[in-house]
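Chemist: The following comprises the amino acid sequence and a computationally predicted model.
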Amino acid sequence: MTGAGSASERLRALGLELPRPGRDSNYVNHRTVGAGIHISGQLPYRDGELLGQGVVGLDVDVPAARSLARQAALNALAVAADAVGDLERVRIVQMLVFVASTPELGEQSRVADAASELFVQVLGENGRHARTAIGVAGLPRRSPVEIQLICTAV
Amino acid sequence: MTGAGSASERLRALGLELPRPGRDSNYVNHRTVGAGIHISGQLPYRDGELLGQGVVGLDVDVPAARSLARQAALNALAVAADAVGDLERVRIVQMLVFVASTPELGEQSRVADAASELFVQVLGENGRHARTAIGVAGLPRRSPVEIQLICTAV
Amino acid sequence: MTGAGSASERLRALGLELPRPGRDSNYVNHRTVGAGIHISGQLPYRDGELLGQGVVGLDVDVPAARSLARQAALNALAVAADAVGDLERVRIVQMLVFVASTPELGEQSRVADAASELFVQVLGENGRHARTAIGVAGLPRRSPVEIQLICTAV
């Protein structure tokens, strides 16, 4: 699945490139304590545009939510690469996946899988992580998905 | 409350045994950064069966939710013991308790207390932890409770 | 914005003082692993009274929620100062802001900004942090806002 070559080569082979992390304000894109790098919650923006809005199970279906989770994961990976200084040295420690959900949904893990898969496709073993997926009432700017990451450098 | 003897003896005295942690996939049961061990979100499974479904305050009452929280905490403790290599050396650092809740519930802390109590009953002072309890829209497989843990080895 | 002087002086200039952290029970106000200090979820209490209840977007408007977020942040800062032993040496690493929200709200970041601003006003550069804001179904005691913090000592 993860193939040969560097993480950057695998990223290109997936037809993806890392976006440029946004500028900081009162809060920052990442903060480090000890070996752990905490990355601020990432939404599925691409080129400055939020790719979806609404609640999964109501306004957004699971395949669309998976696509949004993958985009949010890509944005988190860009911040991680920026924080570590080298995509090749990023190791994912823990991911918290928030899915705006109806009370009936129950498929938050399938949504989160799309983000987990991207990390493993790009980083291989270093992409495997501890994970929690939950369904929330709503998210900033009515995004259907948000991803929070802890990573480290190898 | 915590009595004498080892953590393993206290666990047996409670009539409990640690389940075997499930196998890993794209994500893993735990990942370590520095001294911190991050454990993936745990649901109230027992012998492969999810012990409850639905929203607390609607489908599930608080006593039932407390029982589910205790089971999820037991599962998290099993992963912690596996990660540390020895139940006696597990120290709980932080617990995040997610309770699928109606907007009116307000009793998430009482649900979380059941998980906190288990840790203290089994681990004594090493079981005391920082904690956050929140009410969420829904959880994977419509579980009423999910527990995320950070632990360390003493 | 952050002005001169010590963090304590800036706090006084804002007309604020740190509350005394509550007593511990099964769970504790904070736990440390490596350099990271994990602080239990803080609600907007002042002098033992919860300053608001209900769901933002329904019972509570955004300006009121911002005021509650600021109070919860002050309480978290008090625990942080107690944990570090000196307010001047507190550095905020990561904040998770939970806002009890209607599915339509979308303004969780504006609520969280009030907490972020307090940290920067008091601690300057040490107050800048990684952050995630989400909307949840409900919170303990029907609080509209809850704040979870990771900090460290500088």
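Modeler: Nice, I can see it.
Chemist: Quick one: name the residues of chain A near chain B.
Modeler: A:34-36, A:92-96, A:100-109, A:112-113, A:116-117, A:119-120, A:128-137, A:150, A:152 (Cβ under 8 Å from any Cβ of the partner chain). Just so you know, the C-beta spots here come from the backbone N, C-alpha and C atoms, and that holds for glycine as well.
Chemist: ok, and which of those residues reach chain C?
Modeler: Applying Cβ under 8 Å from any Cβ to these, those adjacent to chain C are A:34-36, A:96, A:100, A:103, A:136-137.
Chemist: Can you name the helix or strand that the closest residue to chain B within chain A falls in?
Modeler: Closest residue of chain A to chain B, Cβ to the nearest Cβ: residue A:132 (3.2 Å). Residue A:132 belongs to strand A:129-136 when assigned by DSSP states H and E.
Chemist: Out of the residues of chain A next to chain B, which end up buried?
Modeler: Neighbour-count burial (16 or more other Cβ atoms under 10 Å in any protein chain shown) applied to those gives A:34-36, A:92-96, A:100-103, A:105-109, A:112-113, A:116-117, A:119-120, A:128-137, A:150, A:152.
Chemist: List the residues that contact residue A:8.
Modeler: By Cβ atoms under 8 Å, 6 or more residues apart in numbering or on different chains, the contact set of residue A:8 is A:87-88.
Chemist: Residue most distant from the centroid, chain A?
Modeler: In terms of distance from the mean C-alpha position of chain A, residue A:104 ranks first, at 23.9 Å (Cα atoms, centre = their mean).
Chemist: how much space between the closest residue to it other than its chain neighbours and chain C?
Modeler: Nearest residue to residue A:104, sequence neighbours excluded (Cβ to Cβ, 6 or more residues apart in numbering or on different chains): residue A:57, at 6.4 Å. Distance, residue A:57 to chain C, by Cβ to the nearest Cβ, to the nearest Å: 11 Å.
Chemist: Please tell me I have it right and residue A:57 contacts residue A:101.
Modeler: Yes. Residue A:57 is within contact range of residue A:101, at 5.8 Å (criterion: Cβ atoms under 8 Å).
Chemist: Look through chain A and tell me its longest helix.
Modeler: Counting residues, the longest helix in chain A under DSSP state H turns out to be helix A:62-84.
Chemist: what's downstream of that helix, the next helix or strand?
Modeler: Next along from helix A:62-84, by DSSP H and E: strand A:90-100.
Chemist: What is that next one packed up against?
Modeler: In terms of contacts (3 or more Cβ pairs under 8 Å, 6 or more residues apart in numbering or on different chains; DSSP states H and E), strand A:90-100 is packed against helix A:62-84, helix A:108-123, strand A:129-136, strand A:145-153, strand B:30-33, strand C:129-136.
Chemist: Can you name the residues bridging to residue A:28?
Modeler: Beta-bridge pairing for residue A:28 (DSSP bridges): residue C:130.
Chemist: Hmm, residue A:40 and it touching each other?
Modeler: Yes. Shown here, residue A:28 and residue A:40 form a contact pair, counting by Cβ under 8 Å, at 6.9 Å.
Chemist: Need the overlap of contacts for those two.
Modeler: With Cβ under 8 Å, 6+ apart, residue A:28 and residue A:40 have common neighbours residue C:130.
Chemist: Can you report how many residues lie near whichever residue of chain A sits closest to chain C?
Modeler: Chain C sits closest to residue A:41 of chain A, with a gap of 3.2 Å, by Cβ to the nearest Cβ. Residue A:41: 26 surrounding residues under other Cβ atoms under 10 Å in any protein chain shown.
Chemist: contacting residues for the most centrally placed residue in chain A?
Modeler: Central residue of chain A (Cα atoms, centre = their mean): residue A:73, 1.9 Å from the mean position. Neighbour list for residue A:73: A:42, A:95, A:114-115, A:118-119, A:147 [criterion: Cβ under 8 Å, 6+ apart].
Chemist: And these, which two are furthest apart?
Modeler: A:42 and A:114 (13.8 Å; Cβ to Cβ).
Chemist: who has more neighbours, those two?
Modeler: residue A:42 (27 against 22).
Chemist: how far away is the more buried one from residue A:22?
Modeler: According to Cβ to Cβ, to the nearest Å, residue A:42 stands 10 Å off from residue A:22.
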